[in-house]
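> here are the coordinates; sequence isn't available:
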């Protein structure tokens, strides 16, 4: 469903945009540019899912780790120490740290069971954060007086919805109230993202279907996760993840929104430049 044409878009006094695409492709950068005008509310799905839905899990994980320390453990037991994760839109490393990587525990990896449980918790949290979008639209207007709204989705958004289901509730609700824009990575963008990931491989969410395929291809019949280097697997899986997610993003754009080259929006100057690019792509 694509409810807006360019004329309707122009007539809107307040605009709502949902940005989707791989992490690092420019969603948060564009959201900040619009936010800095003072006219756009920036709803970060990553921040919301961490702060509202993962915080207690992360805090408990930190406390459990601290309890193994001979100094910190006794302090926690007598309530002489507080351990609590800090979240910021510009720094969500604590959330990645909780999600973790699968592999050799001696190298910081998680067991298969623990990894899959944290993946499940993350998926549920991201879906809940997306379902909160409508309430934040209302808050942004009625409480803070923002005329326009940007939904800055997580890089794993395409893996927690069904792009081919016309009745997918999250996509239906989002497309009914937002212009859904897929920031399409070009070849140079993808090379940059891969190089960045190899330099600093980070924990990442995998859908069940993707992980099951990776598990078959990577482990084969003679390996077990407890001898796998967590970073080596994460790097191996990343390029495959990009290929897995690409058609999902494209299906969302084709059925529910619009495709715009990430580099085209990156060249846009200020709010008006961004809106001009969007207008040019809305049929």
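All right, it came through fine. Values in this document were obtained by computation on a predicted structure and should not be read as measured data.
> what ranges do the helices span in the protein?
Taking DSSP state H as the test, the helices found in the chain are 6-11, 27-35, 45-48, 55-67, 72-77, 93-99, 112-131, 133-142, 169-177, 187-199, 208-219, 230-256, 262-266, 270-281.
> per-residue confidence for the spatially most central residue of the chain?
The geometric centre of the chain, computed from its C-alpha atoms, lies nearest to residue 154 (Cα atoms, centre = their mean), at 1.6 Å. The predicted local confidence for residue 154 comes out at a pLDDT of 95.
> what does residue 12 give?
Reading off the confidence values, residue 12 has pLDDT 66.
> ok so, going back, could you measure from the residue nearest to the centre of the chain over to residue 49?
Taking Cβ to Cβ, to the nearest Å as the criterion, residue 154 is separated from residue 49 by 7 Å. Heads up, the C-betas are built off the backbone N, CA and C, glycines and all.
> what residues are shared contacts of those two?
Common neighbours of residue 154 and residue 49 are listed as 126, 129 (criterion: Cβ atoms under 8 Å, 6 or more residues apart in numbering).
> quick one: contacts for the residue nearest to the centre of the chain?
For residue 154, the contact set (Cβ under 8 Å, 6+ apart) comprises 23, 45, 46, 49, 126, 129, 205.
> just checking, residue 266 touches residue 27?
No: counting by Cβ atoms under 8 Å, no contact exists between residue 266 and residue 27, whose distance comes to 11.1 Å.
> out of those two, which sits in the busier spot?
residue 27 (28 against 14; other Cβ atoms under 10 Å).
> was I right about the more buried one contacting residue 20?
Yes: the pair residue 27 / residue 20 is scored as a contact, 7.3 Å apart, by Cβ under 8 Å.
> what sits in contact with each of these two?
Between them, residue 27 and residue 20 share these contacting residues under Cβ under 8 Å, 6+ apart: 153, 183.
> ok so, going back, could you dump the helices of the chain to TSV with distance to residue 150?
Listed next are these as TSV, based on distance: least, Cβ to Cβ, whole Å:
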stretch	distance to residue 150
helix 6-11	15
helix 27-35	5
helix 45-48	11
helix 55-67	23
helix 72-77	40
helix 93-99	20
helix 112-131	14
helix 133-142	10
helix 169-177	12
helix 187-199	20
helix 208-219	28
helix 230-256	17
helix 262-266	12
helix 270-281	10
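> Check those helices for me and report the most buried one.
A comparison of the helices of the chain by mean neighbour count, using mean count of other Cβ atoms under 10 Å, puts helix 45-48 on top with a mean of 23.
> Name the surrounding residues that touch that helix.
Outside helix 45-48, the residues that touch it by Cβ under 8 Å, 6+ apart are 87-89, 92, 95, 126, 129-130, 132-133, 136, 151-154, 157.
> Any regions of the chain where pLDDT drops low?
Regions of the chain meeting the criterion pLDDT under 70 cover residues 1-8, 10-13, 221-222, 283.
> Surely residue 193 touches residue 25?
Yes: contact between residue 193 and residue 25 holds when scored by Cβ under 8 Å: they sit 7.3 Å apart.
> any shared contact partners between the two?
Between them, residue 193 and residue 25 share the neighbouring residues residue 185, with contact defined by Cβ under 8 Å, 6+ apart.
> Distance from the chain centre to stretch 257-267, please.
18 Å (Cα atoms, centre = their mean, to the nearest Å).
> and the end-to-end length of that stretch?
Counting by Cα to Cα, to the nearest Å, you get 21 Å between the two ends of stretch 257-267.
> contact partners of it?
Residues outside stretch 257-267 that contact it (Cβ under 8 Å, 6+ apart) are 2, 18, 20-21, 25-26, 29-30, 175, 179-186, 188-189, 250, 253, 273-274, 277-278, 281-282.
> ditto for stretch 112-126
45, 49-50, 52-54, 57, 98-102, 110, 154, 156-157, 159-160, 205-207, 211, 225.
> next one: stretch 20-38
With contact meaning Cβ under 8 Å, 6+ apart, stretch 20-38 is reached by 17, 19, 40-42, 44, 89, 148, 150, 152-158, 180-185, 189, 192-193, 196, 242, 245, 249, 252-253, 257, 262, 265-266, 270-271, 274.
> which residues does the residue lying closest to residue 31 once chain neighbours are set aside form a beta bridge with?
Spatial nearest neighbour of residue 31, chain neighbours left out: residue 152 (4.2 Å); criterion: Cβ to Cβ, 6 or more residues apart in numbering. Judged by DSSP bridges, the bridge partners of residue 152 are residue 19, residue 44.
> Is residue 76 in contact with residue 70, as I believe?
No: contact between residue 76 and residue 70 fails when scored by Cβ under 8 Å: they sit 11.7 Å apart.
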